[in-house]
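**Q** kindly generate the corresponding structure for this input.
(2 chains)
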Amino acid sequence: MTPARSYPARRDDVRLLVMDPRLAPARGLRETRTTELAAFLSPGDLLVVNDAATLPASLSGADGAGRPIEARLVAARAGDRFAAVLFGAGDWRQRTEDRPPPPAVAVGDELRFGPGGELPARIVARSRLSPRLIQLEFGLRGDPLWAALYAVGRPIQYSYLAHDLPLWAVQTVYASRPWSFEMPSAGRPLSWQMLLALRRKGVRWAALTHAAGLSATGDPALDAALPLPERYQIPAATVRAVGETRARGGRVVAVGTTVVRALEGAAATHGGGLRAGEGETDLRITPAFRPRVVDGILSGAHAATESHFQLLSAFAGEALLAAAAAHAERAGFLTHELGDSMLVLPGALASDARVGAAVG
Amino acid sequence: MNSLQGKAAVVTGGSRGLGRALGLALARAGARVVLVARHAEPLRSVVAEINAAGGEAHALVADVADQDAAAVVAGQAAALVGPVDILINNASTLGPVPLRLLLDTDCEDLERALAVNLVGPFRLTKALAGSMVLRGAGTVVNVTSDAATQAYPSWGAYGASKAALEQLGRIWAAELEGTGVRVLSVDPGEMDTVMHAEAMPDADRTQLGDPAQVADRIVAALGEAGR
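**A** You can find the predicted model right below:
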């Protein structure tokens, strides 16, 4: 499968592969378009989205010796500090794994970001996971720091894209606080046209905020440790909506892995029950994981070899996923941030969902 | 408790005139305010005045006509004060003064008036109102003018941009009906501001409204609506 190289002509019109894990693989797959999403959801269902806006998290600069360095912010820490992954010379047109490593840095080293070095920072910690994973303390605080981050930073870019991604292009239509370091891209195909149509149908929506981290670091050891612990905040209204949905037999559909991590991570922390508030989760969704809160997931399309695809196995059986992967491959589904979509939802292909073509 | 207590508000054109007065009034009502303007110095002095009086205000230097500004303003504002509850699209330009008849108006000046007075508010509303709809609450205020409905000779570029802004607001309000998000147009009337003096240097200033009083009325209306 190949990554989408540019933005789709319309945000909410990409291919959608629907999987219904209640059905046998031969009947449990349908290809349609995201414009038809409402046909697969029922009154009483709840769509939970991640409303984090995406920061311009890529900072280009140099170390004290003038050697080029790129820092990609990966997590916010107390006191305006940020965890960051360092890259060496080159730019986003190279794959992260092909980028030269960053120059050796030590705690206490000063870095300067921006064309004129206007955003200074000091390395205050280095991770044992990788010499590339460090903690930065910027020389600015509060308002001036945010102004400098937005002036100097750019959204994290992807080597398979045909063009630069501007900041507006990595935001969802409901983006709020800039907590994410890469776009929570499962929600990218959602438009207000769709969301308001869903509501008219009786499908509810709710939000949480989850700080999506980096998808690649260029360091195999660090890549294997992804995702790093990520912070989230779940509003009381969302906890109520989840409770009401489940009590009435509706389905809770997570838009993206970050929503699964936040809801299931919060539930795991509180013995299975969901509570409102802020937290940090290191939950990893594996095939063995059994979701307690989330019934289904709307996700970007991924190849079977990608970890993102593997985590769909928490929601669907091996045979259905294999059929889905084969179809997506055959049909030329586009993957990654700007690509096509997949919906895994029990009962999605029940009688009223006649949209799209059965596959297999 | 005032219903604007703790609300997050963004006001464009916040360094002087009505924008400055709105910033002061919103902060007095307990809102956490982000003021946006092109020029850093006058903006910082308003922010310092608000903070010195015990309010919370933040300066965000940006030109709303800049294509890339909306995502920057929206992200930074939400980082500084949290999810935005109130957006006041107040920044506007008359174009070059003295004002000229439409037949003498350069196309570039019309384009600039549309960029600042119409497309800027459109982009910023797009960037901020979505999260309001998701949360089921929020208010967008577009500051307009009677030049939107009256055919004042030589006010063509400004008047056309404000007429379009009002129509944008009406359609937005219709599209968002039932979502809890309101889009309002407010005509503040003629006020004693730098902008007014530039447009009508011979006006009798004693007959002009005080921006502080106008801002108090708008903020009071926002507070009422929030109850």
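**Q** what does the longest strand along chain A contact?
**A** Using DSSP state E, we find that the single longest strand of chain A is strand A:68-77. Applying CB atoms under 8 Å, 6 or more residues apart in numbering or on different chains, the contact partners of strand A:68-77 are A:55, A:57-63, A:82-89, A:91, A:102-103, A:105, A:111, A:113, A:121, A:133, A:135-136, A:153, A:156, A:179, A:181, A:211, A:213-214, A:217, A:228-231. C-betas here are computed from N, CA, C, even on glycine.
**Q** just those residues that are near chain B?
**A** residue A:55 (CB under 8 Å from any CB of the partner chain).
**Q** thinking again about what came up before, for the longest strand of chain A, which strands pair with it and how are they oriented?
**A** strand A:58-63 (antiparallel), strand A:81-87 (antiparallel) (DSSP bridges).
**Q** buried ones in that strand?
**A** Residues A:68, A:69, A:70, A:71, A:72, A:73, A:74, A:75, A:76 are the ones in strand A:68-77 that count as buried (16 or more other CB atoms under 10 Å in any protein chain shown).
**Q** for residue B:20, what are phi and psi?
**A** Dihedral pair for residue B:20: phi -60, psi -50, per degrees, to the nearest 10.
**Q** could you find the closest non-adjacent residue to the residue most central in space within chain A?
**A** In chain A, the residue lying closest to the centroid (CA atoms, centre = their mean) is residue A:184, at 3.4 Å. Nearest residue to residue A:184 in three dimensions, chain neighbours excluded: residue A:50, at 4.2 Å (CB to CB, 6 or more residues apart in numbering or on different chains).
**Q** circling back to that earlier point, most tightly surrounded among the strands paired with strand A:68-77?
**A** Ranked by mean neighbour count, those are led by strand A:81-87 with a mean of 23 (mean count of other CB atoms under 10 Å in any protein chain shown).
**Q** for the helix or strand just after that strand, which outside residues touch it?
**A** Sequence order places strand A:110-113 as the next helix or strand after strand A:81-87, per DSSP states H and E. With contacts defined as CB under 8 Å, 6+ apart, strand A:110-113 is touched by A:59-64, A:69, A:71, A:105, A:118-123, A:136, A:152-153.
**Q** got the contact list for residue B:98?
**A** By CB under 8 Å, 6+ apart, the contact list for residue B:98 reads residue B:154.
**Q** next, give phi and psi for the residue of chain A most remote from its centre.
**A** Of all residues in chain A, residue A:65 sits farthest from the chain's C-alpha centroid, using CA atoms, centre = their mean; the distance is 35.3 Å. Residue A:65 adopts backbone torsions of phi -90, psi 10, taken as degrees, to the nearest 10.
**Q** which helix or which strand is home to residue A:320?
**A** Using DSSP H and E, residue A:320 falls in helix A:318-330.
**Q** and for that helix, what's in contact with it?
**A** Contacts for helix A:318-330 (CB under 8 Å, 6+ apart): A:1, A:17, A:19, A:21, A:23, A:25-26, A:28-29, A:31, A:301, A:303-304, A:309, A:312-313, A:316, A:340, A:342, A:359-360.
**Q** for the spatially most central residue of chain B, what are phi and psi?
**A** Centroid-nearest residue in chain B, with CA atoms, centre = their mean: residue B:90, separated by 1.5 Å. The phi and psi values for residue B:90, taken as degrees, to the nearest 10, are phi -110, psi -30.
**Q** separation between it and chain A?
**A** Separation of residue B:90 from chain A (CB to the nearest CB, to the nearest Å): 20 Å.
**Q** that residue contacts residue B:143, correct?
**A** Yes - using CB atoms under 8 Å, residue B:90 is in contact with residue B:143, at 4.5 Å.
**Q** any idea how far residue B:81 is from the closest residue to chain B within the stretch 201-350 of chain A?
**A** Residue nearest to chain B within the stretch 201-350 of chain A: residue A:207 (5.1 Å; CB to the nearest CB). Residue A:207 sits at a distance of 18 Å from residue B:81 (criterion: CB to CB, to the nearest Å).
**Q** can you check residue A:65 too?
**A** Applying CB to CB to residue A:65 and residue B:81 gives a distance of 39 Å.
**Q** you'd agree residue B:147 is up against residue B:165?
**A** No - shown here, residue B:147 and residue B:165 do not form a contact pair, counting by CB under 8 Å, at 11.0 Å.
**Q** so between these two, which is more surrounded?
**A** residue B:165 (25 against 20; other CB atoms under 10 Å in any protein chain shown).
**Q** my read: the more buried one touches residue B:117, true?
**A** Yes - using CB under 8 Å, residue B:165 is in contact with residue B:117, at 6.0 Å.
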